[in-house]
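Trainee: I need the structure of the sequence given here:
(3 chains)
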Amino acid sequence: MNTLTETLSILNDAQQAAVTAELGHHVVLAGAGSGKTRVLVHRIAWLIENRSLSPFNILAVTFTNKAAKEMKYRIESMIGMSANAMWVGTFHGIAHRLLRAHWKEAGLSQNFQILDSEDQHRLVKRVIRELELDEAKWPPKQAQWFINKQKDKGLRSDQTPSGDHFQTVMKKIYDHYEEATQKNGLIDFGDLLLSAYELLRDNPHVLAHYQQRFQYILIDEFQDTNTLQYEWLRLLAGKTAYVMIVGDDDQSIYSWRGAQVENIRRFERDFKNTCIIRLEQNYRSTGNILKAANQLIANNNGRLGKNLWTESSDGDVISLYAAFNELDEARFIVDRIKTWIKDGGRPSECAVLYRSNAQSRILEEAFLQAAVPYRIYGGQRFYERAEIKDALAYMRLINHRDDDPSFERIINTPTRGVGNRTIEIIRDHARTQGGSLWHAATDIVTEELLPSRAHTAVCEFIELINAVTEHIDGKSLAEQIEYTIRNSGLLTHYQKEKTEKGRARVENLEELVNAAQQFSEDDIIDGQPILSAFLSHAALEAGEGQSDQFSDCAQLMTLHSAKGLEFPLVFIAGLEEGLFPHQMSLEEPHGLAEERRLCYVGMTRAMQKLYLCYAEVRSLYGRERRAIPSRFIYEIPIECLEEVRMRSRISIPVSQVRKTPSFIKTENEGQYRIGQAVKHGKFGNGVILNIEGSGNKARLQIHFKKTGSKWLVAELAKLEALS
DNA sequence: TCTATGGTGATTTTT
DNA sequence: TCACCATAGA
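Mentor: Sure thing, here's the model as predicted:
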C-alpha cells in the first residue's frame, strides 16, 4: 500500500506516533490546527493495512454529521475501497442504528419516530398545559432543558431525585412527557442515547455481540462528550476493545449543554495503560496569532497542558480596532474585507466571528450597504423549516397514525375548519378513552359527537389521510411525497401566499421532493422501510442552512459555530466586558474560563491575519451603553498587538488602557474553590464564581440565588461550605 | 380565521 | 430595540 507509506512520511513525529501506535488505549491531545482529522484518517488506514483489522471491526464516532461524512470520505479515498462495513457516524446516528436493529430489546415500537428539539418543545408545552400548570411560572423551555439534562446524566423520570418544589414539579413534567413519548412511539435526541445505553446495559447478548464486533473504537472531539456518552463508550468498549480518543481541553466550549471536559481525565483512569500523545505543531496560523492565543489560554487553570508552536513566520501582528460604536465596528470590518478583496483575496476567505447572534444584524446591514457578498451561518436549517415540517408531519401520520404531535400539527394546516374547540374535544376523548388523537378522532366521527360543520371537517381530514395513504402505496419515495404535498392542500396553501416568503416555501417543498429522489439512491439503512428511513434522516440531519453555501461569500457566524473551521482573515467583533465574556457566563461557575476558551477557539481560526474589535459605546436592548474593552484583550502580549487608528477619531492607546486593568482577576484557589456551593447568613445559598487572592484575605465573587452576584471578603463573610 | 395589540425577556447549538 | 408569544376583537 504505497499511498499510506508515502503519506506517512509527510506526517510529523507526533502525528506518526499517533498513527502507528501499537494497539492499546490512546489519548490524542490535538491542538487547534494540528492536523487532527488527518491523524484519525491515517490511523484507521494504518490499522486496516498494517494490523489487518477489518473495517467491520472499527467504530468511529464524531459529533456532527459533517465531520462523519468527511471522515468517511477521506478514509475511502485513502484505502481505495468502500468503508461501508465500518461504522462511522455521530453518537446519535449510531445510537439510532442500534435501536432500529434491536427495537424489541430496547422496548420501542418498530416504527418509532424521532422528535427534534422543536417537536420536543411543543410536546413539553402540551404536557405543561395538560397538567394545568402556569406556563409563565413553568416555562416550557426550562422544563425541556431540565428533561434533557436528566437524560444527559442517564436518568429516567423515575430516577430523578425529587427535592424542593421546583424539582418535584419538573420531575412531574418529565414523567408525563415520558409517558406521552412512549405512548406515541416517539424518541427525542437525548432518548436516542439513553435508550441505546440501556439497550446495551440490559441485554448481555446484544452487548456481547457489539463488543465482539468493535475491536477498535475512535472518538473525535472527546472534550464534548457528556456523562451518558462516556458511560455508553465504557460499556461498549468492555474489556477487550482498544479506544483512541481525540480532543482538546482548551477547545471545550459546550459545557453548558452537558459536555464534561473531565471525561478526558476520567478516560485515563478508567482505561488502563493509556498512552497520551500531544499534537502541538500548528499548521494553520502565523507565529503572532499562535503566541497570542497561547498566552491568552495560559490564564486558565487546570489545563492538561499543551503549547502550540509553528514553523511559519511571525506574520502580521494582530490588529485591534476600538470602534466608536457598533456601526463603526461593522463599517470598519466591511471596509477591511473590501481591501482584502481589492488586493486579490476572495470574500470566502474572510470570516467575522461574534459572541451572540444579535450582533449579526448590524454587520449584515454594513455588508449589504457595501455590496460585499456575505453569508450568515446558522439560522434555520432545511428540515427545520415550517413548511418542510408540515410536509413531514403528513408523511409521519401516513406512516404511523398514532403520532400525536404530527396529528396536532396538521389537523388544521392548511386551515380546514377544525378549530381549537374541536381539537380540545378530540384531546379530551383521547385522554379519557386512552389511545391516540387519531384514534379518538375516528371514534368521535363514528359516534357523531361533533357539531355538523366540525364533524364534516374532521371526516374530510380522516378520509384525506386514508386516501393518500392508499394512493401512494407502492410508489417511490419522491412520488409519495410529491403526491402528498399536492393533495393535502399544503402546496396550494403556500402558493396562495403572494409574498417572497411564500414563494420560497413553495420552492422548499419542491426541494424536498428533490431530496427524497436523491435519498432513495444513496442511503439505504438496514432493511428499514424507505419512508421511515427518510423521516429519521430528516430528524437526525437537519441539513444546511442556506442554499447558496458554495458561493464566494464572506462568512458571518458565532464563535461557537466557527469551531473546526479556518480562514485566512478573521475578525472577532464585540470584545467587550459583558458581551465577550458574556455577562451570563460570568454568573456561572467556571464561566469565565469557558469564555476564554471560546476566545481561544476564535483566535486560532485565523491563518494569516486577525482583527480584534470592540466598540466604546454599544446599544443593547435599545439603550446605549458605555462599554469596557474585554479583559481578553489585556491577556494578549502587547508585542503581538497593534492598534488601528481610523481617520479623525481618537482612541485610547492600548498601552494606556493597560494601566487600569482593574478587572483582571486571578483564579487562585485556596480554602474555597470555584463552583463551590456556600451559605451566607444574610444572602442565603450561593455559588462561588471567582476567587481573588488566597486564604482569609481572599475576596470571593459569589452568585446568590436571591440577590445575584456579590464580591465578599472571605474572612468577614462567615461562609458555610455546602459541598 | 386572520390581524392587531401588548407584555415579556433577551448567550452559545448539535443531534 | 425587537422579536416572539398569547390573547382579544373583527
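
Trainee: max-length strand in chain A?
Mentor: Ordering each strand of chain A by length in residues (DSSP state E) puts strand A:606-620 first.

Trainee: and the strands in the stretch 601-723 of chain A?
Mentor: A:606-620, A:623-626, A:641-644, A:677-680, A:684-692, A:699-704, A:708-713, A:720-721 (DSSP state E, counting those that start in this stretch).

Trainee: ok, which residues in the stretch 551-700 of chain A are in contact with DNA strand B?
Mentor: Within the stretch 551-700 of chain A, the residues that sit near DNA strand B (CB under 7 Å from any atom of the strand) are A:557, A:558, A:560, A:561, A:582, A:584, A:585, A:588, A:591, A:595, A:621, A:622. Every C-beta, even on glycine, is put in place using the N, C-alpha and C of the backbone.

Trainee: narrow those residues to those in strands?
Mentor: Reading strands off those with DSSP E, I get A:557, A:558.

Trainee: re the thing from before, TSV for the strands of the stretch 601-723 of chain A, including mean pLDDT?
Mentor: Converted to TSV, these look like this (pLDDT from 0 to 100):
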stretch	mean pLDDT
strand A:606-620	96
strand A:623-626	90
strand A:641-644	93
strand A:677-680	81
strand A:684-692	77
strand A:699-704	79
strand A:708-713	76
strand A:720-721	76
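
Trainee: for those strands, which one sits closest to residue A:375?
Mentor: The minimum distance between residue A:375 and those falls on strand A:606-620, with 18.4 Å, by CB to CB.

Trainee: so what secondary structure elements neighbour that closest one?
Mentor: helix A:287-297, strand A:318-325, helix A:326-342, strand A:567-572, strand A:623-626 (3 or more CB pairs under 8 Å, 6 or more residues apart in numbering; DSSP states H and E).

Trainee: each with direction, which strands does that strand pair with?
Mentor: strand A:318-325 (parallel), strand A:567-572 (parallel), strand A:623-626 (antiparallel) (DSSP bridges).

Trainee: next, count neighbours for the residue nearest to residue A:261 when sequence neighbours are not counted.
Mentor: Computed as CB to CB, 6 or more residues apart in numbering, the closest residue to residue A:261 that is not its neighbour in sequence is residue A:252, at 4.2 Å. Residue A:252: 23 surrounding residues under other CB atoms under 10 Å.

Trainee: same question, the one 5 residues further on
Mentor: Residues near residue A:257, counting by other CB under 10 Å, number 12.

Trainee: quick one on the thing from earlier: ChimeraX command to pick out the buried ones of the residues of the stretch 551-700 of chain A next to DNA strand B?
Mentor: This is the ChimeraX syntax for the buried subset of these, where burial follows 16 or more other CB atoms under 10 Å:
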select /A:557,558,560,582,585,588,591,595
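
Trainee: which among the residues of the stretch 551-700 of chain A next to DNA strand B gets closest to residue A:71?
Mentor: Using CB to CB, those come closest to residue A:71 at residue A:561, 19.3 Å.

Trainee: residues contacting the closest one?
Mentor: Residue A:561 sits next to A:377, A:378 when contact means CB atoms under 8 Å, 6 or more residues apart in numbering.

Trainee: next, residue A:181: secondary structure please.
Mentor: Under DSSP: H, G, I helix; E, B strand; the rest coil, residue A:181 falls in the helix class.

Trainee: how much space between it and residue A:535?
Mentor: Using CB to CB, to the nearest Å, one gets 16 Å for the distance from residue A:181 to residue A:535.

Trainee: one more: residue A:643?
Mentor: 55 Å.

Trainee: so which of the two has more stuff around it?
Mentor: residue A:535 (24 against 16).

Trainee: quick one: buried residues of stretch A:189-209?
Mentor: Quick answer for stretch A:189-209 (16+ other CB under 10 Å): A:189-200, A:206-207.

Trainee: does that stretch come close to DNA strand B?
Mentor: Yes: Stretch A:189-209 comes into contact with DNA strand B (CB under 7 Å from any atom of the strand), by way of residue A:189.

Trainee: can you list contacts of that stretch?
Mentor: So stretch A:189-209 is contacted by A:91-92, A:94-96, A:98-99, A:102, A:105-108, A:114-117, A:120, A:147-148, A:151-152, A:154, A:156, A:181, A:187, A:210, A:228-229, A:231-232, A:235-236, A:238 (CB under 8 Å, 6+ apart).

Trainee: quick check: the residue lying closest to residue A:679 once chain neighbours are set aside vs residue A:241, distance?
Mentor: Once flanking residues are discounted, residue A:679 sits nearest to residue A:720: 4.3 Å by CB to CB, 6+ apart. For residue A:720, the distance to residue A:241 equals 46 Å [CB to CB].

Trainee: of those two, which one has the most company?
Mentor: Ranked by neighbour count (other CB under 10 Å), residue A:720 and residue A:241 place residue A:241 first, with 21 against 11.

Trainee: tell me the contacts of the more buried one?
Mentor: Contacts of residue A:241 (CB under 8 Å, 6+ apart): A:211, A:214, A:215, A:216, A:217.

Trainee: could you redo the last one with a cut-off of 10 Å?
Mentor: Residue A:241 makes contact with A:25, A:57-59, A:210-217, A:233, A:271, according to CB atoms under 10 Å, 6 or more residues apart in numbering.

Trainee: again with residue A:445
Mentor: A:426, A:454, A:455, A:456, A:458, A:459, A:461, A:462, A:463.

Trainee: if we use 6 Å, what do you get?
Mentor: A:458, A:459 (CB atoms under 6 Å, 6 or more residues apart in numbering).
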